[in-house]
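*Asks:* 3D model of this:
(2 chains)
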Amino acid sequence: MSWRLVRRSIVYVLLSIAAFVSVFPFYWMIVGATNKSALIVRGKADFGDNLFANAAAFFKLVDVPQVFWNSTEISVIATIATLAVSSTAGYGFEIFRSPIRERLFSFMLLLLTIPFAAIMVPLFSMVARAHLTNTFAAIILPTVASIFIIFYFRQATKAFPGELRDAARVDGLKEWQIFLFIYVPVMRSTYAAATIIVFLLNWNNYLWPLIVLQTNENKTVTLVVSTLLSAYVPDYGATLFATVLATLPTLIIFFALQRQFVAGLTGGVK
Amino acid sequence: MAHARLERSAQINGWLFIAPALVLLGLFLIYPILWSLWMSFQVGKGLNFHFGGFANIVRLTGDPVFIRALTNTCIFFFVQVPIMITLALLFAVALNDATLKLRGLLRTAIFLPCVTSLVAYSVLFKSMFAVDGVVNNALMFLHIIDSPIGWISDPFWAKVLIILAITWRWTGYNMVFYLAALQNIDPSIHESARIDGVPPWARFVYLTIPMLKPVILFTTVISTIGTLQLFDEPYNITLGGPSDATLTLSYYIYRLTFVFMPSYGYSATVSYVIVVIVAILSFLQFWIARDRRPRPKR
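*Replies:* Residues are numbered from 1 along each chain as shown, chains lettered A, B, ... in the order given. I've put the predicted structure just below:
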């Protein structure tokens, strides 16, 4: 019995350390937003009185409403477009089977292993030739057909009851009507999970916007935070304040929709 | 007759539903990857290039910066992925115990890092690991070290810092996959093994791991792809330094294309190195995890 107790204590201690290490940087971020830059790099880990000065510095350096609007606009449009295109494809692959399309699907899963670095140069060159540099369209278009989300919807569609489809067919609904008026409402929790995951991917996207967006008024939140950090002597107070603002939307989404969030991350493998 | 018409309609709809995705994938994935392949045989600067055969591949072998980026990427991969997968597995198994108190809280805490953007957590790590920063202070307070570690200025510790950062960000993410898979395992299997006197470690090695094999394979492949295209963290935390100690292949491609006078052909060649490594590693991982038992005939 006492051996069990020892083992249990070890599990608790290790998990608590892991939890502490995981959460501490969040505490650090919030505390840092209230401290002077010089104190932050000297490791001051309690609340200070510089919050308003940091906020003022950030708002002076950056057109904050504009930048947040840019991130929101890109993320919302990209999410809607990605869900529309990728969910229809996932549905199509699962409902209408044919040997050719099965082979196409396996080939797509192979493409999932192609790293972004391998296509970013040709993509940039395409964008430049189409005169789309510095536009939101250039950021959004390449992300819309997401193999991961297609795969996710195909897996989820396996749980879509066939009787519903049959009944709708007997009632004379066309295939696109079945999809739009029956499938979409029935699968709303799948859509919710996918929305969260796609929105966050776009909100946090970095490398591609870094390449495509060149003027300050078009920059996203992530790019602005990175620019603040790369200053020769970064103002950590303002940067951490900006980081809090940039992370806030994702934290709110996470805590409000924790169940769908986790389902969205893992749904593809079940 | 009616059956044939239904069949034809299914064919048409089958293509219609996937058409938009196929067109976009063709345009923004297939075309670029083929273009990249063609470019990797071109030499020249900017938009001025011509066919150079294997010149770029020859250039790779004599390029010390490429060799360094390749070595760094491999170090990150071989050190970081196993550590992270092991930690995630252990946490998942520990948290799967229904009698554990504060289970939900601990799980949420360990998962929390993956809501941060890669740039946001780069800011946190860069500021925490400053020379006089909070981490060095804590380590000195605990008498683990005597003098501050140059996390960002020392080539060795800079690599350690990047590995710590990625592990912090992704362990909880992988853990969630394992937790979901563990919940699908029938508890009676473990129960009967326990009654038969199989010790916990043996249940972990011989029952849990084999049953989680598909998920472990999936997360390993995902982590492999992620680690091989590492960019945001070295770019934001260490700027690839000191003296290229944390330069990765993706970062090198970025430099070749967007920082120096662009040499599209050569950067395309470097990018194909990543494609080839990912292909080889994924194949190896599938091969190692393959089902070795002969399948029963049905």
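*Asks:* contacting residues around residue A:115?
*Replies:* Counting by CB atoms under 8 Å, 6 or more residues apart in numbering or on different chains, residue A:115 touches B:225, B:228, B:229, B:250, B:271, B:274, B:275, B:278. In this view, the C-beta of every residue, glycine as well, is placed from N, C-alpha and C.
*Asks:* you'd agree the fourth one is up against residue A:118?
*Replies:* Think residue B:250. No - when contacts are counted by CB atoms under 8 Å, residue B:250 is not listed as touching residue A:118 (9.3 Å).
*Asks:* Pull up the overlap in contacts between those two.
*Replies:* With CB under 8 Å, 6+ apart, residue B:250 and residue A:118 have common neighbours residue B:274.
*Asks:* what about residue 169, which helix or strand?
*Replies:* No chain in the question, so chain A it is. Element membership for residue A:169, per DSSP states H and E: helix A:162-170.
*Asks:* ah, no, chain B please
*Replies:* Assigned by DSSP H and E, residue B:169 falls in helix B:155-183.
*Asks:* before we move on, what about residue B:137?
*Replies:* Counting by DSSP H and E, residue B:137 is found in helix B:134-141.
*Asks:* Give me the contact list for that helix.
*Replies:* A:28, A:43-45, B:128-130, B:145-149, B:151.
*Asks:* how does it look with 6 Å?
*Replies:* Taking CB atoms under 6 Å, 6 or more residues apart in numbering or on different chains as the criterion, the residues outside helix B:134-141 that touch it are A:43, A:45, B:128, B:129, B:145, B:148, B:149.
*Asks:* any low-confidence regions in the chain?
*Replies:* Picking chain A for this. Judged by pLDDT under 70, chain A has its weakly predicted residues at A:1, A:261-270.
*Asks:* right idea, wrong chain: chain B
*Replies:* B:1-2, B:44-48, B:291-298.
*Asks:* Find the nearest non-adjacent residue to the residue in the stretch 1-150 of chain A positioned nearest to chain B, please.
*Replies:* The stretch 1-150 of chain A approaches chain B most closely through residue A:92 (2.6 Å), counting by CB to the nearest CB. Distance criterion CB to CB, 6 or more residues apart in numbering or on different chains; nearest residue to residue A:92, sequence neighbours excluded, is residue B:17 at 2.6 Å.
*Asks:* The one you found: neighbouring residues, count only.
*Replies:* 23 (other CB atoms under 10 Å in any protein chain shown).
*Asks:* Of all the residues in the helix holding residue A:169, which ones are buried?
*Replies:* A:165, A:168 (16 or more other CB atoms under 10 Å in any protein chain shown).
*Asks:* how about that helix against chain B, any contact?
*Replies:* No - using CB under 6 Å from any CB of the partner chain, helix A:162-170 stays clear of chain B, coming no nearer than 9.3 Å.
*Asks:* Same check on stretch A:27-45?
*Replies:* Yes - if you take CB under 6 Å from any CB as the test, stretch A:27-45 does meet chain B, through A:28, A:29, A:40, A:41, A:42, A:43, A:45.
*Asks:* Farthest-apart pair in those residues, please.
*Replies:* The two members of the residues of stretch A:27-45 next to chain B with the most space between them (CB to CB) are A:29 and A:42, at 16.8 Å.
*Asks:* Of those two, give the one with the bigger neighbour count.
*Replies:* With neighbours defined as other CB under 10 Å, residue A:29 and residue A:42 compare such that residue A:29 has more, 21 against 15.
*Asks:* ok, now which ones touch that one?
*Replies:* So residue A:29 contacts A:240, A:243, A:244, B:124 (CB under 6 Å, 6+ apart).
*Asks:* Give the PyMOL command for selecting the buried subset of those.
*Replies:* Of the contacts of residue A:29, the buried ones go into a single PyMOL selection, burial set by 16+ other CB under 10 Å:
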select buried, (chain A and resi 240+243+244) or (chain B and resi 124)
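*Asks:* Let me have the contacts of residue A:29 in CSV, adding distance to residue B:112 and secondary structure as columns.
*Replies:* Output for the contacts of residue A:29, formatted as CSV (distance: CB to CB, whole Å; DSSP: H, G, I helix; E, B strand; the rest coil):
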residue, distance to residue B:112, secondary structure
A:240, 17, helix
A:243, 15, helix
A:244, 14, helix
B:124, 12, helix
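*Asks:* So residue B:154 versus chain A, what's the distance?
*Replies:* Separation of residue B:154 from chain A (CB to the nearest CB, to the nearest Å) stands at 17 Å.
*Asks:* gap between that residue and residue B:215?
*Replies:* The gap separating residue B:154 from residue B:215 is 37 Å, by CB to CB, to the nearest Å.
*Asks:* again with residue B:106
*Replies:* Residue B:106 is 20 Å from residue B:215, by CB to CB.
*Asks:* Is residue A:131 part of a helix or strand, or is it coil?
*Replies:* Following DSSP: H, G, I helix; E, B strand; the rest coil, we place residue A:131 in the coil state.
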